[in-house]
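1. Give the three-dimensional model of this entry:
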Amino acid sequence: MVSVGLCILDSIAMIETVIKISQMYTILFNSTSVNTTKGPIVPETETPIDGKKPEVTIEQYSRHWLCKDVDTQRYFYKAMKLKFCSSPFTSTFVANLVMDLCKQQDFMLDKWVKELFDFDDDGYISHLEKTYYTR
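-> Residues are numbered from 1 along each chain as shown. Sure thing, here's the model as predicted:
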């Protein structure tokens, strides 16, 4: 009876590992085709007098757009990959880091987004900063 329970736990762990590996390979092998046409989710606010749309904060950008789906995670992967030096193990490390950061969605994700995307250190992500890594 105990061996059946351990077998079930091993099966569950194996399924979770397969899912994580498939997500990682999706990010690794499809990192060249990043879909940047989707805009960030910005809460409805009043339009300012000058008519400009409000900028997106780092937290909104990282949690509501950057970790939304696999396409945007690939964009985040591309930005992270440019920060690290090139080695054979860097791709796997960066893919795992992106998946873990998007899974946790805590202050570490905000710090990475601030370092990678907020060039003028104003706490907001402008359109130019969003599209920097698409070049």
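2. can I assume residue 94 is in contact with residue 76?
-> No. Residue 94 is not in contact with residue 76 according to Cβ atoms under 8 Å; the separation is 9.4 Å. (Glycine included, C-beta is placed from N, CA and C.)
3. Have a look at those two and say which one is more surrounded.
-> residue 76 (28 against 23; other Cβ atoms under 10 Å).
4. ok, so what distance separates the more buried one from residue 57?
-> The gap separating residue 76 from residue 57 is 17 Å, by Cβ to Cβ, to the nearest Å.
5. before we move on, what about residue 95?
-> In terms of Cβ to Cβ, residue 95 sits 26 Å off from residue 57.
6. quick one: which of these two has more around it?
-> Set residue 95 next to residue 57 and count neighbours by other Cβ under 10 Å: residue 95 wins out with 25 against 18.
7. since we're on residue 60, how many residues are nearby?
-> Residue 60 sits with 18 neighbouring residues when counted by other Cβ under 10 Å.
8. For residue 116, give me its contacts.
-> Residues counted as contacts of residue 116 (Cβ atoms under 8 Å, 6 or more residues apart in numbering) are 79-80, 83.
9. mind listing the helices for this structure?
-> 2-29, 58-60, 70-83, 90-104, 107-117, 127-130 (DSSP state H).
10. Mean pLDDT for those helices - can I get that in TSV?
-> TSV is the format used below for the helices of the chain (pLDDT from 0 to 100):
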stretch	mean pLDDT
helix 2-29	64
helix 58-60	90
helix 70-83	86
helix 90-104	88
helix 107-117	91
helix 127-130	83
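11. contact partners of stretch 123-135?
-> Contacts with stretch 123-135, where a contact means Cβ under 8 Å, 6+ apart, come from 34, 36, 40, 55-58, 61, 75, 78-79, 82, 113-114, 117-120.
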